[in-house]
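**Q** fold the following, please.
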Amino acid sequence: MELTTVWFIAIAMLWTGYFVLEGFDFGVGMLYRVLGRNETERRAAIETIGPVWDGNEVWLIMAGAATFAAFPEWYATLFSGFYLPLFFILVGLIVRGVALEYRGKRDDPVWRSRMDGMIVAGSVLPALLWGVAFGNIVRGVPLDARHEYVGSFGTLLNPFALLGGLTFVAVFVTHGAIFLALRTTDDLRVRANRLATRAGAVAAVLTIAFLVWAQELRGGDTASLVLTVAAIAAFAGGLVANLLRREGWAFVGTTLAIGLAVVSLFVALFPDVMPSTLPGTSLTAADAASSPYTLKAMTIITAIFLPLVMLYQGWTYWVFRKRVVAA
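**A** Numbering: from 1, shown residues only. Now for the predicted structure:
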């Protein structure tokens, strides 16, 4: 297998890890004011992600850095064309991070209310815009012969991309609700379980519509189609497990669904990395790749350090695996 293909797969895996892990962070951030009836319950909900949310964002940093190093032309086209959505995603992540860190610094209801609003906004906005961004990557955007984006911000707000944004929000809400049910106790756990069922029904409809439409746009090759069906089945299995109050299996189901769905989109995309809606101007992985020497050096470095990062993050989840009691 060529290193170009290896690094395309690696970047797909990094984005998959990011959406699986950051997905429940976003979901908890969107839900904790709704599910938490008092300050004690809200604090317990935040504590479920407190030790891990910043570590989960490492996957985004690695995905961006890997794209920059392995496929610099893909990085340039993506970040120049999607400048405004990515800028607002960054603002949302910063606002949410600041609010999570400073929410408990003052014992003042007004202060906490402001921080709560920042956390909710900083969770909804990135989730929505990531869906819009990936919807446009799958659908294709207008590129000229030099692979430069020639559309406007309005071009990115097409029906398929907006459906992607709504799908990401709904799926992350469901994923986050199931995570809260898994990690909390008593009434908060029950409310999270019930909300996951209601949100999951909406998310299932949106997910099916988005993935089927994606298959229609990208040609529907067999591997991508199989992954799409598996993702839908995993999501359905997660919702059934949630109905049975088996939160662990429910979380496994939504985790697999998100992972398989993201992988299916990357499989449908390959060998393009930025499809174009204009004839003959799509950017392929081979066209966007760095030199063989650069890819080889990156492979060696990644083989050494990525397992260490994964071991550390796995250890963090193991240490903080117990349920959080609202007390």
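**Q** so where's this structure uncertain?
**A** Low-confidence segments of the chain, defined by pLDDT under 70: 220, 327.
**Q** helices of that one, start to end?
**A** Along the chain, the segments classed as helices by DSSP state H run 3-35, 39-49, 53-56, 58-70, 72-81, 83-102, 109-139, 153-156, 159-183, 186-218, 222-243, 247-269, 285-288, 292-319.
**Q** deepest in the core, which of those is it.
**A** Comparing the helices of the chain by mean neighbour count (mean count of other C-beta atoms under 10 Å), helix 159-183 comes out on top with a mean of 25. Quick note: C-beta positions are derived from backbone N, CA and C, even for glycine.
**Q** show me what that helix is packed up against.
**A** helix 3-35, helix 39-49, helix 109-139, helix 186-218, helix 222-243, helix 247-269 (3 or more C-beta pairs under 8 Å, 6 or more residues apart in numbering; DSSP states H and E).
**Q** and the third one with helix 39-49, angle?
**A** Which is helix 109-139. Angle, helix 109-139 to helix 39-49, by axes from the mean of the first three to the mean of the last three C-alpha atoms, to 10 degrees: 40 degrees.
**Q** what's the answer for the fifth one, then?
**A** Relative orientation of helix 222-243 and helix 39-49, computed by the same axes, to 10 degrees: 150 degrees.
**Q** and what of the fourth one?
**A** With the same axes, to 10 degrees as the criterion, the two stretches helix 186-218 and helix 39-49 enclose an angle of 50 degrees.
**Q** run through the neighbouring helices and strands of helix 186-218.
**A** helix 3-35, helix 39-49, helix 109-139, helix 159-183, helix 222-243, helix 247-269.
**Q** what does the shortest one give?
**A** Taking 3+ C-beta pairs under 8 Å, 6+ apart as the contact definition, the neighbouring helices and strands of helix 39-49 are helix 3-35, helix 109-139, helix 159-183, helix 186-218.
**Q** any chance of CSV for the ones you listed, columns distance to Y317?
**A** Output for those, formatted as CSV (distance: least, C-beta to C-beta, whole Å):
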stretch, distance to Y317
helix 3-35, 9
helix 109-139, 20
helix 159-183, 11
helix 186-218, 19
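**Q** what's the first-to-last distance across stretch 238-250?
**A** 4 Å (C-alpha to C-alpha, to the nearest Å).
**Q** please name the residues that touch the closest residue to L180 other than its chain neighbours.
**A** Using C-beta to C-beta, 6 or more residues apart in numbering and skipping residues adjacent in sequence, the residue nearest L180 is A192, 3.9 Å away. By C-beta atoms under 8 Å, 6 or more residues apart in numbering, the residues touching A192 are L31, L35, A177, I178, L180, A181, T184.
**Q** 6 Å instead?
**A** L35, A177, L180, A181 (C-beta atoms under 6 Å, 6 or more residues apart in numbering).
**Q** please tell me how far it sits from A250.
**A** 11 Å (C-beta to C-beta, to the nearest Å).
**Q** and for F168?
**A** 19 Å.
**Q** sorry, back to before: right, so of the helices and strands packed on helix 186-218, which gets closest to F79?
**A** When the helices and strands packed on helix 186-218 are compared for distance to F79 using C-beta to C-beta, the nearest one is helix 109-139, at 10.6 Å.
**Q** which one of the helices and strands packed on helix 39-49 lies nearest to M274?
**A** helix 109-139 (6.8 Å).
**Q** which other helices and strands contact the closest one?
**A** The elements that helix 109-139 packs onto, with contact taken as 3 or more C-beta pairs under 6 Å, 6 or more residues apart in numbering; DSSP states H and E, are helix 3-35, helix 83-102, helix 159-183.
**Q** how far off centre is that helix?
**A** Taking C-alpha atoms, centre = their mean, to the nearest Å, one finds helix 109-139 lying 12 Å from the centre of the chain it belongs to.
**Q** ok, and the closest non-adjacent residue to D54?
**A** Closest to D54 by C-beta to C-beta, 6+ apart is G97, at 7.0 Å.
**Q** against W15, how distant is the residue nearest to A289 when sequence neighbours are not counted?
**A** Closest residue to A289 apart from its sequence neighbours, by C-beta to C-beta, 6+ apart: T4 at 4.6 Å. Per C-beta to C-beta, T4 is found 17 Å from W15.
**Q** repeat for T284
**A** 18 Å.
**Q** how near is P271 to L90?
**A** 29 Å.
**Q** next: M30.
**A** 18 Å.
**Q** and if you look at D54?
**A** On the measure of C-beta to C-beta, D54 and L90 end up 15 Å apart.
**Q** ok, now G219?
**A** 33 Å.
**Q** ditto for V173
**A** For V173, the distance to L90 - C-beta to C-beta - is 22 Å.
**Q** quick check: closest non-adjacent residue to A12.
**A** Using C-beta to C-beta, 6+ apart, the closest residue to A12 is F266 (3.8 Å).
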